[in-house]
Structures are given as C-alpha cells and as structure tokens.
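Asker: Build the 3D model from these lines:
(chains A and B)
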Number of protein chains: 2
Amino acid sequence: MTGWLAVAGLGAGDAALVTPEVTAALAEATDIVGYGPYVARVAARPGLTFHASDNRVEVERAALALGLAAAGRRVAVVSSGDPGVFAMASALFEALEAGPAAWQALDIRILPGITAMLAAAARLGAPLGHDFCAINLSDNLKPWAAIEHRLRMAARGDFAIAFYNPRSKARPHQFARALQVLRAECGAGRLISFARDVTKPGERLETVTLAEARPEMADMRTVVILGNSRTRRVGRFVYTPRQAEGA
Amino acid sequence: MTGWLAVAGLGAGDAALVTPEVTAALAEATDIVGYGPYVARVAARPGLTFHASDNRVEVERAALALGLAAAGRRVAVVSSGDPGVFAMASALFEALEAGPAAWQALDIRILPGITAMLAAAARLGAPLGHDFCAINLSDNLKPWAAIEHRLRMAARGDFAIAFYNPRSKARPHQFARALQVLRAECGAGRLISFARDVTKPGERLETVTLAEARPEMADMRTVVILGNSRTRRVGRFVYTPRQAEGA
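Answerer: Numbering: from 1, shown residues only, chains lettered A, B, ... in the order given. Here you go, the predicted model:
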C-alpha cells in the first residue's frame, strides 16, 4: 500500500459545504486524524481507524499523521474550515520541517474548504466584497503588541477585516481592547458584524456600529467582520461596494 | 412559482471543488445568469434558460437576475471562486440598492465557494497560514494611489498578501510598480508565489524571491501570494508558520 496524507477542510459546518474532493479523500482514507469534534464528523466504517486528539497539540498530531503515511497508511487529517486559514496546514509543515527528511518525499495534499469568514460573509451579504484582511486574535502564538500593530495597519489601509478566535475565557479583555483600537482608528459609526455558529444549528447573525459593539457579542465560536469605510446596509444585508474611496 | 436568487460560487476551477450546496442550486434553477465562460460550465437541460453576458457589466447582469427572480424565476447567478471575494456578490447588492424597494423582500442567498487564493495556497503548501490580506490589483474601480497605500499598510503589518487580477494587458506597468513597492517594504529575499490556472489543465506554480520576481510571471489568470517575514520553504512546499515575529 502506498501511503498518502491529505489535510482536508471540512468547511464551516454545514455538510452541504464539504467539497466532493474532500468527501472522496475521506472515503479512501484508512486513518482519520484530528481534533476530536472534527474527527466525530466522519462516519465509522470497517477498516477505518480514528485518531482523535485534544486542541493545542497540532504539531504532535501532524507528526502522528506523517508517521502513519510513511508507514503506508492513507491518512486524512481533518480540519475545520479551510486547512490553510488558521487551521492544520501550517502545523503539518512545521512537523514536516522538524521530522525525518524522508517525510518530504511523501504524497501530501492540502484540500481547501469553505473557511468560516467566507461562510459568514455569504450569510451577511458581501462585507468582504473589496480588499480585506484576516486576523487571528488569539495571542497563544503571538504577542498582543504585534496583534495591535496589525489592527492599526489594516485599519489605516481601510481594509475590511475578518477576526478569527476573537474572544476566549482565558483572555476576555483583549477583544475589548481591540474594539477600543478600532473605534479610535475607524470611528464609532463603522459597521461590525458578529456571526456565531455559521451554517450550524443556532446560527446567529448581528450587525451593529462600533459604538454599539460590546465584547460579550463575541466568543470563540464567533467570526467578527469589520467593514471598511464604505460598507453599508441594504435591506437585511451588509455589503462593501467594489469601489474604493476616491474612485 | 416563488422566485429566488442564489449567487453561486463555482470554485477555483476543478469540478471537485464545487460544493453540494451550489450543485443543488444549479439543479433547481430555471435561469443561469453570468459571465459567458462561467455560464458555459453549467450543463444544458430542458427548461433551463441561459443568460450569458460580457465581462464588466456586473451591475446590469445583477439587475437582470433580480428582475427575473421578482418575476417568479429561480435564478442562479454563477460566479467564479467565492461570490463574496472580488466577484458577483457586491455587484448584486449594488443593483439591489439602486433598484425598486420591492426587490429587497426577495429570497436572496449567497452560496460560498473555494476562492482562487485558497486553492492556490493549498497547492503551494500553506503560505496564508498566518494573518493575511487579499488585494485586488485592478484599478478599474479604485485609483492606483489607494492601491499603493494599501500595499504599504499590508507590508508594514507583516501580513502575507494574496493579489487578484495582478496584471492585465491594459495596465502592464502597475504590477511592476507593485513589485518595486514590495521590494522596498519587504526586502529582496521575501518569497513570492505565482499560481496560474489553479486546479485547471495547465496549472503552473512557481515560487521565487522578490529579487527574482518579474512582472511577466503574472497575468489575469494568475493569483500571486507574497509571504510574510517568516514564510519559508520545506521540501517542495511554501508555508507560513503560525508563530508571529517575536512570539
């Protein structure tokens, strides 16, 4: 058996967002590796082995998957959203870099998926319809000062901004600080949307101005999308026109 | 018949990237509206009417689709990639804003898709594995000075950057200028990847340093991805680690 490794993006939540490419890889795999709740989305069948692990052990999980593929297994590493956006793909390459050179000859594929910000933007209208940034607000892997600098640069570039992992119980004050910075840079009238559990049961969408935004509107299951200076409402939707200021 | 309008993202090219949600909408539609080459991706069948139009008439096309839905038709507006990323969704809301108020009560859905930068990143490895920006280099709808300002802000925030529509025959010098700005801001050693016709026949991937990058490496069928200060190669892949500078 020739082994392979596919990092498969399961999309934002709804099964109707999983690409046929990912479905095919899951059907051909002998091993499913990933964070418990994502592994649980794959149906059991004879000959399929599950390797569920905890959060925050991404590099160890990736090394396990690489080792299995090197041993000839067909391994699907399941990831939420798109593996390349704040998910498993980077951890896979970190493990590849740190591991035996022979791993670099393995058949490795990254299979894209519908990442949360695109699913959220679609539900809201088109808030990312012009130039935009994606920022992970978790500071597990970067200092807060670096995050705040990025916020300011993105705001001064008049980008729309999608925020992942905006607010956790371990760091409840940082999103409040981010809102302060954004109010100072963008003004109180700028639109900001909170999309929780997008495409899942209990989905909740809310759009307010920065003046009205409260830190409690976000948690780790929320994607937050800040508009640019021209983002506006039309009916029940929020959208960013294709024209930039001054065009 | 109750009309509806779905703006459907066909993904980056490969049919295996089209979500089941989009496939279902296309199967239920009575009318397919879109730019000619995208409309041509939908198979003909009895009772299905095609409305193909030229490039650069997005708002007129959107108004046609809204009018059809208001008349009770089930309308799929086909878009490449993700409709919300430099594609048809914003034009739809521009037409909605300019049109009769009654249109705002229509059943309108945006169906996300695999946008080109995510497909390209997956093929390359994980160059967008940390905070990143997406910038449309076309200046049809914004002045070049605004684009250059955004380039500088994104570079100073140490974002990875995905560029859409980098270089057309009508404006061949702008991408050369963009490369100059990026060399000045990011240094000659920064990695930059060119992904042409991603997931399509003839796909071509190339990664070089900014010192080696030439404007001719890009055209309108190319997505260009600039790494951040920590983006590096591992084997045949390019990836951006999850840790920011200083973490």
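Asker: what's next to stretch A:219-230, contact-wise?
Answerer: A:116-117, A:120-121, A:124, A:127-128, A:130-132, A:158-168, A:182, A:186, A:190-198, A:210, A:218, A:238, A:240-241, A:243-245 (C-beta atoms under 8 Å, 6 or more residues apart in numbering or on different chains). From N, CA and C alone the C-beta is placed, and that goes for glycine too.
Asker: I'd like to know the beta-bridge partner residues of residue A:209.
Answerer: Here residue A:209 shows beta-bridge partners residue A:191, assigned using DSSP bridges.
Asker: isn't it right up against residue A:191?
Answerer: Yes - in terms of C-beta atoms under 8 Å, residue A:209 counts as a neighbour of residue A:191; the distance is 6.3 Å.
Asker: Looking at these two now, which is surrounded by more residues?
Answerer: Ranked by neighbour count (other C-beta atoms under 10 Å in any protein chain shown), residue A:209 and residue A:191 place residue A:191 first, with 24 against 14.
Asker: shouldn't that one be in contact with residue A:211?
Answerer: No - look at residue A:191 against residue A:211 with C-beta under 8 Å: they stay out of range, at 10.7 Å.
Asker: which one's the longest helix in chain A?
Answerer: helix A:172-186 (DSSP state H).
Asker: Drop anything exposed from the contacts of stretch A:219-230.
Answerer: Among these, those classed as buried by 16 or more other C-beta atoms under 10 Å in any protein chain shown are A:116-117, A:120-121, A:124, A:127-128, A:130-132, A:158-168, A:182, A:186, A:190-198, A:210, A:218, A:238, A:240-241, A:244.
Asker: What segments of chain A are strands?
Answerer: A:4-9, A:31-35, A:49-53, A:74-79, A:108-111, A:125-126, A:132-136, A:160-164, A:191-196, A:204-209, A:222-226, A:232-234, A:237-239 (DSSP state E).
Asker: who does the closest residue to residue A:88 other than its chain neighbours bridge with?
Answerer: Leaving aside its sequence neighbours, residue A:88 sits nearest to residue A:79 (C-beta to C-beta, 6 or more residues apart in numbering or on different chains; 4.0 Å). Beta-bridge pairing of residue A:79 under DSSP bridges involves residue A:9.
Asker: Contact partners for residue A:79?
Answerer: Neighbours of residue A:79 in contact, by C-beta under 8 Å, 6+ apart: A:7-10, A:34, A:38, A:87-89, A:113.
Asker: care to break chain A down by domain?
Answerer: Domains of chain A are assigned by automatic domain parsing as A:4-114, A:117-239.
Asker: Output the ones you listed as JSON lines; include the columns mean pLDDT.
Answerer: Output for the domains of chain A, formatted as JSON lines (pLDDT from 0 to 100):
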{"stretch": "domain A:4-114", "mean pLDDT": "97"}
{"stretch": "domain A:117-239", "mean pLDDT": "95"}
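Asker: so which of those comes closest to residue B:17?
Answerer: Closest to residue B:17 of the domains of chain A is domain A:4-114 (C-beta to C-beta; 5.2 Å).
Asker: what's the span of the closest one, first residue to last?
Answerer: Domain A:4-114 stretches 23 Å from its first residue to its last (C-alpha to C-alpha, to the nearest Å).
Asker: Now do that domain: distance to the chain's middle.
Answerer: Relative to its chain's centre, domain A:4-114 lies at 15 Å (C-alpha atoms, centre = their mean, to the nearest Å).
Asker: Likewise for stretch A:232-242?
Answerer: With C-alpha atoms, centre = their mean, you get 23 Å for stretch A:232-242.
Asker: and the nearest residue to residue A:5 once chain neighbours are set aside, how many neighbours does it have?
Answerer: Closest residue in space to residue A:5, ignoring its immediate chain neighbours: residue A:69 at 4.0 Å, by C-beta to C-beta, 6+ apart. Neighbourhood size, residue A:69 [other C-beta under 10 Å]: 24.
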